[in-house]
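> Okay, predicted coordinates and the sequence, questions at the end:
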Amino acid sequence: MTTEQKAAPEATPPAATAPETTPPAAAHRRITRPPVPRTARHATRLTVALGATALLLTGCDVVGGGPERLSADCTVVVDGSGSGADSENGFRAKEKLKTTVPGFLADQKCRYVSYAPITAASAASSCQVPRIDLDPDADKRSERETLWKQTRVIAQAGAEKMLDCARERQPGSDVLGGLERASKVPRDGDGTYHVLVISDFDQSDPDFRLSKFELVTPAQRDKAVDALVAVRGVPELPDTTVHRVGFAMRGGKTTPERVEQMGQFWQQVLEKEVKVGVDDGYGA
């Protein structure tokens, strides 16, 4: 009931006739506000709850930094020599490319993908395939996985195109020259540079043939390494991991002993001369 409904009879002197001096106790009188309607209280609680939820979600976005982004620089180096033929006499370069590249791009979180050929003169080869950005800033979609699946298909096609060119133009196996090409590509990403090399690593070009060298003893391997470095130099690949696929495979024509010797030779070339990490985790 309102104050007007509780008013005293007209015979009672109006409140305005009360003395102007307020009793001291009135200064400490508790003021009671009108009760808030039930529906209003519910709306207030709902507003507070929604505000807290929005703040929590905003906080998660800030902490998480938004959708995950790719960041690594990567290069795919493909061997166009006859030893990579897609038959029982080769290590099936195209087949290995198709089965390895997708996983490599995903595992290493490759954003920028470049390509390099292995030919008879890899560093000077005319084979060119444009570099690809798998996670472009211009694409604003929040669901990046769908974008990456699309761009990785394009990257796969680029690797196949480079292999086709390497097979058509000056086929050979200048592996170190292929790494030289990989050392020249732009590096705009973060962290380790990942280089996938699909090759049997049987270096064979007009200036150097690994098959002509004995690799049994450390002295023989030293001689072969010195000869290779003398004609090909040492590519500059800081903070780099070389991922090998097809190493020492030639349709079963390489003996286990020769495979071991080649492994020791290339370990010396890559880890001691070029100074890169070596990973064979993607298998033969």
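Structure's in. What do you need? Just so we're clear, the structure is a prediction, and the values are computed from it rather than from any experiment.

> When you work out contacts or count neighbours from here on, use the C-alpha atoms and nothing else.
OK.

> ranges for the helices of the stretch 151-284 of the chain?
175-183, 218-232, 256-267 (DSSP state H, counting those that start in this stretch).

> Same list (those) but as a markdown table, adding distance to Arg167, mean neighbour count and mean pLDDT.
Below are the helices of the stretch 151-284 of the chain laid out as a markdown table (distance: least, Cα to Cα, whole Å; neighbours: other Cα atoms under 10 Å; pLDDT from 0 to 100):
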| stretch | distance to Arg167 | mean neighbour count | mean pLDDT |
| --- | --- | --- | --- |
| helix 175-183 | 14 | 25 | 97 |
| helix 218-232 | 21 | 15 | 96 |
| helix 256-267 | 24 | 16 | 94 |
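
> Run through the residues that contact the nearest residue to Glu180 once chain neighbours are set aside.
In this structure, Glu180 finds its nearest non-sequential neighbour in Pro235, 4.9 Å apart by Cα to Cα, 6 or more residues apart in numbering. Neighbouring residues of Pro235 by Cα atoms under 8 Å, 6 or more residues apart in numbering: Leu176, Leu179, Glu180, Ser183, Val274.

> go with 10 Å
176-184, 229, 270, 273-275 (Cα atoms under 10 Å, 6 or more residues apart in numbering).

> remind me which residues of the protein are low pLDDT?
Counting by pLDDT under 70, the chain contains low-confidence ranges at 1-66, 250-253, 284.

> Once you drop chain neighbours, what's closest to the spatially most central residue of it?
Nearest residue to the geometric centre of the chain (Cα atoms, centre = their mean): Lys109, 1.8 Å. Counting by Cα to Cα, 6+ apart, Lys109 lies nearest to Leu70, which is 5.3 Å off, once chain neighbours are set aside.

> where do the strands sit along this protein?
Here the chain has its strands, by DSSP state E, at 72-79, 110-118, 132-133, 193-198, 204-205, 208-209, 240-245, 277-279.

> want to try JSON lines for the ones you listed, with mean neighbour count as columns?
As requested, those are exported to JSON lines (neighbours: other Cα atoms under 10 Å):
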{"stretch": "strand 72-79", "mean neighbour count": "28"}
{"stretch": "strand 110-118", "mean neighbour count": "29"}
{"stretch": "strand 132-133", "mean neighbour count": "18"}
{"stretch": "strand 193-198", "mean neighbour count": "26"}
{"stretch": "strand 204-205", "mean neighbour count": "19"}
{"stretch": "strand 208-209", "mean neighbour count": "18"}
{"stretch": "strand 240-245", "mean neighbour count": "21"}
{"stretch": "strand 277-279", "mean neighbour count": "16"}
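
> JSON lines for those, including distance to Glu95?
Shown next, in JSON lines, are the strands of the chain (distance: least, Cα to Cα, whole Å):
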{"stretch": "strand 72-79", "distance to Glu95": "12"}
{"stretch": "strand 110-118", "distance to Glu95": "16"}
{"stretch": "strand 132-133", "distance to Glu95": "22"}
{"stretch": "strand 193-198", "distance to Glu95": "10"}
{"stretch": "strand 204-205", "distance to Glu95": "22"}
{"stretch": "strand 208-209", "distance to Glu95": "26"}
{"stretch": "strand 240-245", "distance to Glu95": "11"}
{"stretch": "strand 277-279", "distance to Glu95": "20"}
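
> Would you tell me which of those strands gets closest to Gly158?
Minimum separation from Gly158 across those (Cα to Cα) falls at strand 110-118, 7.7 Å.

> Tyr282 and Val242 touch, don't they?
No: the pair Tyr282 / Val242 is not scored as a contact, 11.0 Å apart, by Cα atoms under 10 Å.

> between those two, what contacts are shared?
By Cα under 10 Å, 6+ apart, the residues touching both Tyr282 and Val242 are Leu196.

> What count of nearby residues applies to Pro67?
11 (other Cα atoms under 10 Å).

> how far does stretch 167-181 sit from the chain's center?
Chain-centre distance of stretch 167-181: 26 Å, with Cα atoms, centre = their mean, to the nearest Å.

> And for stretch 221-235?
So, by Cα atoms, centre = their mean, the centroid of stretch 221-235 is 32 Å from its chain's centroid.

> now do stretch 76-90
Centre-to-centre, stretch 76-90 and its host chain are 27 Å apart (Cα atoms, centre = their mean).

> do stretch 249-263 as well
Between the centre of stretch 249-263 and the centre of its chain there are 33 Å (Cα atoms, centre = their mean).

> Thank you, goodbye.
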